[in-house]
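Student: pasted the sequence and its predicted model underneath.
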Amino acid sequence: MLPGLVRTSNIRHVHFSRNPKIIEFLHEYEYVKEFGEGVDRMYREMEAVGLPEPVYRPVEFMLHATIRNYKYVERQEGGSITPPVTTQVAAQVTTQVTTQVEESRWGDLIRFCQIPKSKKEMMEYLGLANASHFRKMYLVPLLESGKLRMTIPDKPNSRNQKYIRTS
């Protein structure tokens with residue numbers, strides 16, 4: 001069930017941590033930006049791409065959330081949505097959401113790397129302190145996607161290694 005004073009009617013505005021020590025740890029290691037951001041962020045992201053709000057249904061000691069991953073489509077005369085339309089809309093929304101998440105997560109860093117930057121410079125720019133978190137969540141995905149490249153590719157562990165955005 002929902003913790004403390006949180007109810008489905010106030011879930012966007014009332015924040016409560018079941019275990020504040022865990023939340024404090026996650027915040028300290030930058031796995032969360034601010035306390036209670038998850039639900040608010042989910043609503044913002046879904047609204048930005050035109051998705052309906054989640055529907056909550058309490059059942060015994062559990063809370064079920066239904067999150068739709070496609071835009072509502074005008075129903076056909078027979079009262080049902082045709083599968084090709086549903087599939088097409090779902091694919092478009094998935095692509096749009098993925099692009100928006102990548103841009104919001106990595107866009108500033110990619111622009112920052114117009115000239116070669118070290119890992120330390122990149123972490124300072126993002127305000128991050130945990131090197132393994134930075135490597136896992138930012139550096140490796142950007143290198144694998146081809147959005148950044150190493151300036152010394154034959155020596156990936158060089159102390160002089162820097163990273164630059166690809167054109």
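Tutor: That came through fine. Numbers count the residues shown, from 1 in each chain.

Student: going forward, measure contacts between C-alpha atoms and count neighbours the same way
Tutor: Noted.

Student: ok, Val55 touching Ala65?
Tutor: Yes - proximity of Val55 to Ala65 meets the contact threshold set by Cα atoms under 8 Å, at 5.6 Å.

Student: ok, now how distant is Met123 from Arg159?
Tutor: To Arg159, Met123 is 15 Å away according to Cα to Cα, to the nearest Å.

Student: more crowded one of the two?
Tutor: Per other Cα atoms under 10 Å, whichever of Met123 and Arg159 has more neighbours is Met123, with 19 against 9.

Student: elements contacting whatever helix or strand that one lives in?
Tutor: Using DSSP states H and E, Met123 sits in helix 119-126. Secondary-structure packing of helix 119-126 (3 or more Cα pairs under 8 Å, 6 or more residues apart in numbering; DSSP states H and E): helix 83-112.

Student: ranges for the helices of this structure?
Tutor: 20-28, 37-48, 83-112, 119-126, 131-134, 140-145 (DSSP state H).

Student: give me the buried stretch members for the fifth one, please.
Tutor: Buried positions in helix 131-134, judged by neighbour count with 16 or more other Cα atoms under 10 Å: Phe134.

Student: ok, Gly38 - contacts?
Tutor: Taking Cα atoms under 8 Å, 6 or more residues apart in numbering, we find Gly38 in contact with no residue.

Student: shaky segments in the chain?
Tutor: Along the chain, segments meeting pLDDT under 70 span 1, 18, 32-37, 70-105.

Student: domains in it, by residue range?
Tutor: 1-68, 83-165 (automatic domain parsing).

Student: hey, which of those is tucked in deepest?
Tutor: domain 83-165 (a mean of 14; mean count of other Cα atoms under 10 Å).

Student: so how far is the helix holding Met123 off the chain centroid?
Tutor: 20 Å (Cα atoms, centre = their mean, to the nearest Å).

Student: ok, now how distant is Phe61 from Gly146?
Tutor: Taken as Cα to Cα, the span from Phe61 to Gly146 is 46 Å.

Student: wait, I meant Pro116
Tutor: 15 Å.

Student: again, but for Pro156
Tutor: 15 Å.

Student: list the contacts of Glu30.
Tutor: Going by Cα under 8 Å, 6+ apart, the list of residues near Glu30 reads Leu128, Asn130.

Student: pretty sure Arg12 is touching Asp40, no?
Tutor: Yes - here Arg12 reaches Asp40: they are 5.7 Å apart, a contact under Cα under 8 Å.

Student: the spatially closest residue to Gly4 that is not a sequence neighbour: what's it in contact with?
Tutor: Excluding its sequence neighbours, the residue lying closest to Gly4 (Cα to Cα, 6 or more residues apart in numbering) is Phe16, at 6.3 Å. Residues near Phe16 by Cα under 8 Å, 6+ apart: Pro3, Gly4, Leu5, Val6, Gly36.
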